[in-house]
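Engineer: here's a sequence, model it:
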Amino acid sequence: MRPHALTLCLLSIALLPACQRATAPATETAAAPASPTAAAAPTEPSIPEQQGEATTYLYQCQELAVTATFHGEGDADLSFNGRVLKLPHVVAASGARYADADGNEFWSKGQAEALLTLAGEAPRSCAGPGANPA
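Structural biologist: Predicted coordinates:
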């Protein structure tokens, strides 16, 4: 190899790292912790999450008109046919689910739809205030 070619080759190898994108120290690029209000938002609205406030919606669960009152992230009160069920909030993979030990369950998938199961009865699909009219 010629002396100039060898020098040029060695110089290119030495300067090659300078062509790479510089990375900042980890302390400078670390994102600030997300605030509680910036937590991952649900893709579909579920029951309102106001603490200490009650929000009421009317659902039509097949033949039953059901008034559902949600107490923040706590219990839900369901009123229908002169009857009132107080259902505690339980963990759900999606939506907001309320159920008791007797087999009563109300599972909301946002304001538009829900599923009501009364103890010993078949589940009823429900249309809420956000549902599109048929």
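Engineer: residues contacting stretch 90-104, please?
Structural biologist: 44, 46-47, 70, 75-76, 78, 85-89, 105-110, 114, 117-120 (Cβ atoms under 8 Å, 6 or more residues apart in numbering). Every C-beta, even on glycine, is put in place using the N, C-alpha and C of the backbone.
Engineer: and stretch 88-100, which residues are buried?
Structural biologist: By 16 or more other Cβ atoms under 10 Å, the buried positions in stretch 88-100 come out as 89, 95-99.
Engineer: for stretch 65-84, that is, sorry about that
Structural biologist: Quick answer for stretch 65-84 (16+ other Cβ under 10 Å): 66, 68, 70-71, 75-78, 80.
Engineer: now render those residues as a markdown table, adding secondary structure.
Structural biologist: Converted to a markdown table, the buried residues of stretch 65-84 look like this (DSSP: H, G, I helix; E, B strand; the rest coil):
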| residue | secondary structure |
| --- | --- |
| Val66 | strand |
| Ala68 | strand |
| Phe70 | strand |
| His71 | strand |
| Asp75 | coil |
| Ala76 | strand |
| Asp77 | strand |
| Leu78 | strand |
| Phe80 | strand |
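Engineer: which residues of this protein fall in strands?
Structural biologist: Ranges of strands in the chain, per DSSP state E, are 54-61, 64-71, 76-80, 83-87, 89-90, 96-99, 105-108, 113-117, 124-127.
Engineer: could those go into CSV alongside mean pLDDT?
Structural biologist: Output for the strands of the chain, formatted as CSV (pLDDT from 0 to 100):
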stretch, mean pLDDT
strand 54-61, 94
strand 64-71, 94
strand 76-80, 96
strand 83-87, 96
strand 89-90, 94
strand 96-99, 94
strand 105-108, 95
strand 113-117, 96
strand 124-127, 96
